[in-house]
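Peer 1: please work out how this folds:
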Amino acid sequence: MSQRSLRGGRATGVTLALAGALILSACSGGGGGDDGDGEEVPGPETLESIAFGDVEASTGPAEDVPGAEPGGTIRVLQETGPNHLDPAQIYVSDESSVAKLFHRGLTTVRLDNDGDYTVVGDLATDSGEVSDGGRTWTYTLKDDIYFNDGSEVTSADVRHTFERQFAEFITQGPTFIQQWLANTGGAEYRELLPGGPYEGDHLPDTILETPDEDTVVFHFEEPQTDLPYALSMIGYAIVSEEGDTQEQYDQEPLTTGPYQIAEHRPGRSMTLTRNEYWEPETDAARTAYPDRYELTFGHTTDDSTQRLMADNGDDRYAISFNNGVDPANAPEVSSNAAYQERLVQGYQPYVATLAINTERVTDKRVREAIALAVPLNGVLNAYGGTFGGEYAGGYISPLLPGYEDGYDPYGKLATPQGDPEAARALLEEADAVGYQLNYVHHTATEDSRAAVAIADALEQAGFDVSETEVPQETYYDTIGVVDNGYDIYRSNWGHDWLSSSTVIPPLFDGRQIQDGASNYSHLASEEVNAEIDRIRSITDPAEAATAWFELNKTILEDYLPAVPLYYYKQNILHGSLVGGAVFNDDLGTVDMNRLFVIQD
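Peer 2: Model prediction:
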């Protein structure tokens, strides 16, 4: 994929001296599991090395997808519509998947026709020019990059994008780069620029510098060798300084991608049409074959699966970015050859856990009783059994470096049905039989089914469970409130790139307990915080990977802030007139940038 003309004419991105530290490769952590009939289920395919691309790799237009033709409309069947359109507020997968079509950042991850992944320059000419041992990163903007109102993207917009991340109303997006700029591991990063840029204050040039309208320079106190990958997140897509309406930007953002939002009916539908100001020559990652995307929301996985299996009418042009095959139809889809050509499969980066609010459930024996009682098989069966995932022993995905196969400190893999008797014995020891647990889950079919299995097992163990159900669209907003009033709630977390540094700190750093943050268990341990800081200073990727997994063990065994449930698989079915559908391991779903309509 590609770009047309370049400002500056620099020939390379990442320097050779740092290349070893900048490329992470995952190793397989063992196979999957038994499918219930004695047949071994294949383990996850791992992400191989992901390179950081230079100018040539970042130059468009994107390579053609074999057999693709422009034109037509792709219909996307989603369970939930995006709750946020402001890129700075986007972190969860269903919002990110849709936003990939209309937002662009300085970098992006490209999957090519050979199956190779590369971090390439997106609005920037390459993945970054690094100096000072990884502390200074320079980006030059491409020519002919515009917002969909026709205004040109400049370094002032890039600077504004990162400065507004410090504003109090930005609560839902990633915080990695803000923390790196502030050189802090917690929520106090906001103190670097309280309120953001809206009162005329700016980050000093010693931190974020824009020497001309084409150049942006990031200065960090510590080496940040993962910056190009972090910048590829939708949460760091570029926001127009002139068009920024602050909180209202969440409803009508300007876009830089190949599509723009023509119509949005929240919770119901969204229509994307071509952005006339998007230049294919500037884009090395997106093909943008369809003329339109018609997205509709409110489709349960049962509904979308049945529509796609039937493959009638407009559903022949349909796909889902996030709705996998539903559990009820999984056996038919997985065994019937008629569906295999229309089935895209892979492992997602997500690990499902049952978070325990440690501020409310303070006795570790009670938390351990929860862990022993929860039936992994009952939960996973609600999500399609081994077709939908495999039992988890810890918080780190087997896709990540450092993962150890067979880790199972509470014997959950050996007794996936749970052990209510052992759980009751712990409650008796803690004089806590009848302990009331406030359990919140959302309304999606699978989550409701899993909630029944969890609540029944906990009641059998001696807990008194009070259930609350909330809409899926607002679920993460609900559990993201610190004073949420709930004791247990399921959450999914996936690595943002191939390092557990994007898993352990956001989930368990006690300095990141604030509304909208992802430390859902509210674990606050000085020991854990100190170890996070120590591991972050390790420059050798292999050494750091091992240290992260050891910290995963410490957190699980000494604190137990969440019960590991399962590692996610994804199975996407699509209509017979949708072409280019391949699984993207980095996205954990179909690669929406390669789709096209098969002309019938």
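Peer 1: flag every buried residue along the longest helix along the chain.
Peer 2: Identified as the longest helix of the chain according to DSSP state H is helix 445-461. Within helix 445-461, the residues scored as buried using 16 or more other C-beta atoms under 10 Å are 445-447, 449-451, 453-458, 461. Backbone N, C-alpha and C define where each C-beta goes, glycine included.
Peer 1: same check, this time on stretch 261-279
Peer 2: 261, 264, 269, 270, 271, 272, 273, 275, 277, 278, 279.
Peer 1: model confidence for the closest residue to the last one other than its chain neighbours, exactly?
Peer 2: Just to be clear, that refers to residue 279. Closest residue to residue 279 apart from its sequence neighbours, by C-beta to C-beta, 6 or more residues apart in numbering: residue 144 at 4.6 Å. Residue 144 is assigned a pLDDT of 96 by the prediction.
Peer 1: surely residue 144 is within a strand?
Peer 2: No - read with DSSP: H, G, I helix; E, B strand; the rest coil, residue 144 is coil and lies in no strand.
Peer 1: counting neighbours, what do you get for it?
Peer 2: For residue 144, the count of nearby residues is 14 (other C-beta atoms under 10 Å).
Peer 1: going forward can the numbers begin at 3, since that is how I track them
Peer 2: With the count now opening at 3, the last piece we talked about shows up as residue 146.
Peer 1: ok so, going back, any chance of a markdown table for the buried residues of helix 447-463, columns pLDDT?
Peer 2: Output for these, formatted as a markdown table (pLDDT from 0 to 100):
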| residue | pLDDT |
| --- | --- |
| 447 | 87 |
| 448 | 88 |
| 449 | 93 |
| 451 | 94 |
| 452 | 96 |
| 453 | 97 |
| 455 | 97 |
| 456 | 98 |
| 457 | 98 |
| 458 | 98 |
| 459 | 98 |
| 460 | 98 |
| 463 | 98 |
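Peer 1: closest one of the residues you listed to residue 138?
Peer 2: Nearest to residue 138 out of the buried residues of helix 447-463 is residue 449 (C-beta to C-beta; 45.0 Å).
Peer 1: what separation do you get for that closest one and residue 185?
Peer 2: 39 Å (C-beta to C-beta, to the nearest Å).
Peer 1: rounded mean pLDDT for the helix or strand where residue 426 lies, please.
Peer 2: Assignment of secondary structure by DSSP states H and E places residue 426 within helix 422-431. In this model, helix 422-431 has an average pLDDT of 98.
Peer 1: got the angle for it vs helix 447-463?
Peer 2: 60 degrees (axes from the mean of the first three to the mean of the last three C-alpha atoms, to 10 degrees).
Peer 1: so which elements touch the next helix or strand after helix 422-431?
Peer 2: Moving toward the C-terminus from helix 422-431, the first helix or strand encountered (DSSP H and E) is strand 438-444. Packed against strand 438-444 by the contact rule (3 or more C-beta pairs under 8 Å, 6 or more residues apart in numbering; DSSP states H and E) you find helix 447-463, strand 466-472, helix 477-481, strand 490-496.
Peer 1: mind listing residues that contact strand 438-444?
Peer 2: Strand 438-444 has contacts (C-beta atoms under 8 Å, 6 or more residues apart in numbering) with 363, 372, 449-450, 452-453, 456-457, 460, 465-474, 477, 480-481, 486-492.
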